[in-house]
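J.: give me a 3D structure for the following:
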Amino acid sequence: MLKTLKKIFQIGIITEPVDAPSSPETEALGKACQAIIDAKFNGSLAIRQVDAGSCNGCELEIHALNNAFYNLERFGIHFVASPRHADLLLVTGPVSRHMEEALRIVYESTPDPKLVIAAGDCAACGGIFGESYASAGAVSNVIPVDLVIRGCPPTPMQLLTGLLSLIRS
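T.: Numbering: from 1, shown residues only. You can find the predicted model right below:
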């Protein structure tokens, strides 16, 4: 153990310092969202993300919104675990038949007024899965959708831009 510690002290720090990530575009979009959220949603927008049968590509991009680069929490946008606490449902994937009823229940559990975003090509039109015995296809075939964000998967900037366009209206 002492041998290892001695080696660590002899070598020292070998990593390079990293500048804090920042993007002027992200900051501008975030500030615009924050202004609208402060006015319309009393300072906080709660999002419930629902995976209706996706490949998880969209979820990876959605999770990126909470990383240190985008950090949506600072703009008053946060993800919640219960639809009963949500203002907005963010649905990904083609709606599998197994998730069809569950998605309806989640939608009905969300308090009014509620917003729904279908994120990704699969949520928009069923993607490569379409409608079949195993898939209901697009989210709009099951619940009303306010905004569709296309992409396979949509980037975090596309998601943030789409969110801003929805809450502006």
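J.: element containing Ala118?
T.: strand 115-119 (DSSP states H and E).
J.: tell me where the chain has strands.
T.: Along the chain, the stretches classed as strands by DSSP state E are 45-51, 77-79, 88-92, 95-96, 115-119, 135-137, 147-149.
J.: can you list contacts of the first one?
T.: So the one you mean is strand 45-51. 33, 37, 59, 62, 76-83, 85-93, 103, 106, 110, 167 (CB atoms under 8 Å, 6 or more residues apart in numbering). (C-beta placed from N, C-alpha, C; glycine too.)
J.: from Glu101, how far off is the residue positioned nearest the centre of the chain?
T.: Taking CA atoms, centre = their mean as the criterion, Ile62 is the residue nearest the geometric centre of the chain, at 3.4 Å. According to CB to CB, to the nearest Å, Ile62 and Glu101 sit 23 Å apart.
J.: which residues does the helix or strand bottoming out on mean pLDDT in the chain contact?
T.: In the chain, no helix or strand scores lower on mean pLDDT, DSSP states H and E than helix 2-11, which sits at a mean of 84. Residues from elsewhere that reach helix 2-11, judged by CB under 8 Å, 6+ apart: none at all.
J.: check the offset of it from the chain's centre.
T.: Here helix 2-11 is found 44 Å from its chain centre; the criterion is CA atoms, centre = their mean, to the nearest Å.
J.: buried residues in the top helix by length along the chain?
T.: What stands out as the longest helix in the chain, according to DSSP state H, is helix 24-40. Going by neighbour count (16 or more other CB atoms under 10 Å), the buried part of helix 24-40 is 26, 29-30, 32-34, 36-37.
J.: that one - contacts with which helices or strands?
T.: On a contact count with 3 or more CB pairs under 8 Å, 6 or more residues apart in numbering; DSSP states H and E, helix 24-40 meets helix 156-168.
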